[in-house]
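>>> sequence plus the predicted model coming up.
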Amino acid sequence: MVFKRTRPDSDYDEDFVPPPPRKKRALSLPPSSPPPMISSDSESDTDFEPPLVKKQPIFTPEDESTMENLDSLPRLPPLFPLPLPIIGRDGQLSEPHTPRRIRAGSLDPPASSPMSILDVTPLKSKLGRPVLSPETRRLRATVRKLSSSQRSPDKQKVTMASKELKRKEANLAAAKQQMADLAAEAARKAAAEAAKAAAAEKAAADAADTRRAQDVVRRIITPAAEGGFNFKNMDHFFDAMWRKGGDGEVSLLLTNYVKRHGVQHARAMFERSAQAKDKYISSEMAEIYEREGRAIQTLLTRQSTTTVTELLEDFSMEELAAEIQEKAPNLWAALS
C-alpha cells in the first residue's frame with residue numbers, strides 16, 4: 001500500500017536533529033612514519049557526542065489500530081529540511097525561499113519508495129537519429145564496408161560473373177563467325193561443284209553435238225550407195241550451200257544466219273588457219289585500199305581551169321579531212 005501525503009507539513013518534526021557526518025577513516029601508516037599531527041579542531045570533534053534520536057514505533061499489520069486512525073501515530077522525521085524563514089528589512093517575515101535542488105541522486109527518493117510521487121508527465125520522443133545498439137552499428141558498418149569495398153565477396157562474384165559472361169559472349173560470337181565461314185565455304189564449294197558439273201555436262205553435250213555434226217559431214221561426202229549425200233568434197237558442198245537459188249526457205253535461213261553470225265563464223269573459220277586469215281585479209285584489204293585510194297585521188301585532183309591562187313583561197317584542212325574520212329574510212333582508220 002502506498003501512503004500519500006495529505007499535508008506537506010504532516011511529516012515535520014521540530015525536535016529532529018540530523019545525524020553528524022561520518023568521519024573518514026584514515027589510512028594506516030607504516031611504523032617508521034611519524035604519527036600525524038592532530039589539530040585542535042579534530043580534538044574538539046572527538047569530544048562531540050551525537051544527540052539521542054527518538055526511536056519511532058514500527059507499524060505492523062498486527063496493529064489493532066485501523067488505517068484511518070493515524071492521529072495517534074508519532075510524526076515521521078522530514079525527508080528534506082524545510083526552508084528557513086527569511087526576515088526582511090522591515091522586520092516582517094517574507095516568503096520562504098526554496099533552496100536550489102541538489103542533483104545528487106542519493107537525495108532523491110527511489111521510484112519504488114512508497115513515499116515517492118508518481119510522475120504523470122508524458123515522455124517526449126527524442127529527435128534526430130535513433131539510438132542504435134553497438135551490434136546494429138557494427139552490422140551496418142560491415143554491410144557498408146562490403147558494399148563499398150572492391151574486394152568484397154559479392155563484388156568478386158559479380159566481377160567473375162561479368163568476366164565469365166563476356167568470355168561466353170566472345171566464344172559465342174567466334175562460334176557464330178566460324179559457322180558463318182563454314183556455311184560460306186560450303187556454299188562456295190557447292191557453287192564450284194555445281195559450276196564444274198554444269199561445265200562437264202556442257203562439255204559432254206558439246207562433244208555429242210560435235211560428233212553428230214561430224215557424222216553429218218561424213219554423210220555429206222559419203223556416196224549415195226552407202227547412205228550418204230554423194231558430195232565429192234567439202235568445197236563442192238559449201239559452193240552448193242552458198243549458191244543462191246533452190247529452196248527459198250532454206251536460202252532465207254542461210255541469209256539471216258550470215259547477217260547475224262557471219263563475223264563469228266568467219267572468225268571461227270580463220271581460227272582454224274592463220275594463213276587463210278592473212279591471205280583473205282590481204283586480198284580483201286588490197287581491193288578496199290585500191291578502191292579508197294582511187295577515191296582520194298579523185299578528191300585531190302583539181303580541174304584544169306582552177307588556178308593555184310583559187311585553190312589556195314578555197315583550201316580548208318578541216319573540210320579536206322572530213323571528205324577523206326568519208327571517202328576512205330579504212331585508210332583513215334589505218335592512218336590515224
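Perfect, thanks for sending it.

>>> element containing residue 302?
Residue 302 belongs to no helix or strand when assigned by DSSP states H and E.

>>> touching, it and residue 311? I think so.
Yes: under the criterion of CB atoms under 8 Å, residue 302 makes contact with residue 311 at 5.7 Å. Quick note: C-beta positions are derived from backbone N, CA and C, even for glycine.

>>> touching both of these two, which residues are there?
Residues touching both residue 302 and residue 311 by CB atoms under 8 Å, 6 or more residues apart in numbering: none at all.

>>> tell me how far residue 203 lies from residue 192.
16 Å (CB to CB, to the nearest Å).

>>> quick one: average confidence on the longest helix seen in the chain?
As assigned by DSSP state H, the longest helix anywhere in the chain is helix 153-220. Averaged over helix 153-220, pLDDT sits at 89.

>>> could you list the domains of this protein?
155-243, 247-335 (automatic domain parsing).

>>> next, format those domains as CSV and append distance to residue 17 and mean neighbour count.
CSV is the format used below for the domains of the chain (distance: least, CB to CB, whole Å; neighbours: other CB atoms under 10 Å):
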stretch, distance to residue 17, mean neighbour count
domain 155-243, 76, 11
domain 247-335, 155, 11
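
>>> redo these as JSON lines? Include distance to residue 134.
Below are the domains of the chain laid out as JSON lines (distance: least, CB to CB, whole Å):
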{"stretch": "domain 155-243", "distance to residue 134": "26"}
{"stretch": "domain 247-335", "distance to residue 134": "106"}
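
>>> between those domains, which one is closest to residue 136.
Ranking the domains of the chain by proximity to residue 136 (CB to CB) places domain 155-243 first, at 23.5 Å.

>>> and for stretch 251-262, what's in contact with it?
Taking CB under 8 Å, 6+ apart as the rule, stretch 251-262 contacts 241, 242, 244, 245, 265.

>>> 10 Å instead?
The contact list for stretch 251-262, computed with CB atoms under 10 Å, 6 or more residues apart in numbering, reads 241, 242, 243, 244, 245, 246, 247, 265, 266, 267, 268.

>>> equivalent analysis for stretch 287-295, please.
281, 323, 324, 326, 327, 328, 329, 330, 331, 332, 334.

>>> for residue 227, grab phi and psi.
Backbone torsions for residue 227, taken as degrees, to the nearest 10, come to phi 90, psi 10.

>>> residue 315 now?
Main-chain dihedrals, residue 315, degrees, to the nearest 10: phi -80, psi 140.

>>> what does residue 247 give?
Here is the backbone geometry of residue 247 (degrees, to the nearest 10): phi -70, psi 120.

>>> which residues touch it?
residue 253.

>>> okay, it and residue 167: tell me how far apart.
Taking CB to CB, one finds residue 247 at 82 Å from residue 167.

>>> can you check residue 231 too?
Remark: distance between residue 231 and residue 167 (CB to CB) = 82 Å.

>>> then residue 325?
Using CB to CB, residue 325 is found at 76 Å from residue 167.

>>> residue 269 is in contact with residue 280, correct?
Yes: the pair residue 280 and residue 269 qualifies as a contact (CB atoms under 10 Å) at a distance of 9.2 Å.

>>> now the helices: where do they sit in the chain?
40-46, 134-148, 153-220, 234-242, 248-272, 274-300, 308-314, 317-327, 329-335.

>>> who are the packing partners of the fourth one?
So that's helix 234-242. Packing partners of helix 234-242 (3 or more CB pairs under 10 Å, 6 or more residues apart in numbering; DSSP states H and E): helix 153-220, helix 248-272.

>>> can you tell me which of the ones you listed comes nearest to residue 135?
When the helices and strands packed on helix 234-242 are compared by CB to CB, helix 153-220 sits nearest residue 135, at 21.2 Å.

>>> quick check: chain neighbours aside, which residue is closest to residue 323?
Distance criterion CB to CB, 6 or more residues apart in numbering; nearest residue to residue 323, sequence neighbours excluded, is residue 299 at 5.6 Å.

>>> OK, contacts around the one you found?
Neighbouring residues of residue 299 by CB under 10 Å, 6+ apart: 320, 323, 324, 326, 327, 328.

>>> and those, which is closest to residue 162?
residue 326 (83.4 Å).

>>> ok, the closest one to residue 266 distance?
Counting by CB to CB, the gap from residue 326 to residue 266 is 26 Å.

>>> again, but for residue 193
Here residue 193 is placed at a distance of 37 Å from residue 266 (CB to CB).

>>> what's the answer for residue 208, then?
For residue 208, the distance to residue 266 - CB to CB - is 26 Å.

>>> what's the distance between the spatially closest residue to residue 325 that is not a sequence neighbour and residue 317?
Excluding its sequence neighbours, the residue lying closest to residue 325 (CB to CB, 6+ apart) is residue 332, at 4.5 Å. As judged by CB to CB, residue 332 and residue 317 stand 14 Å apart.

>>> and residue 218, by the same measure?
For residue 218 relative to residue 317 (CB to CB), the value is 62 Å.

>>> cool, and residue 280?
Distance, residue 280 to residue 317, using CB to CB: 36 Å.
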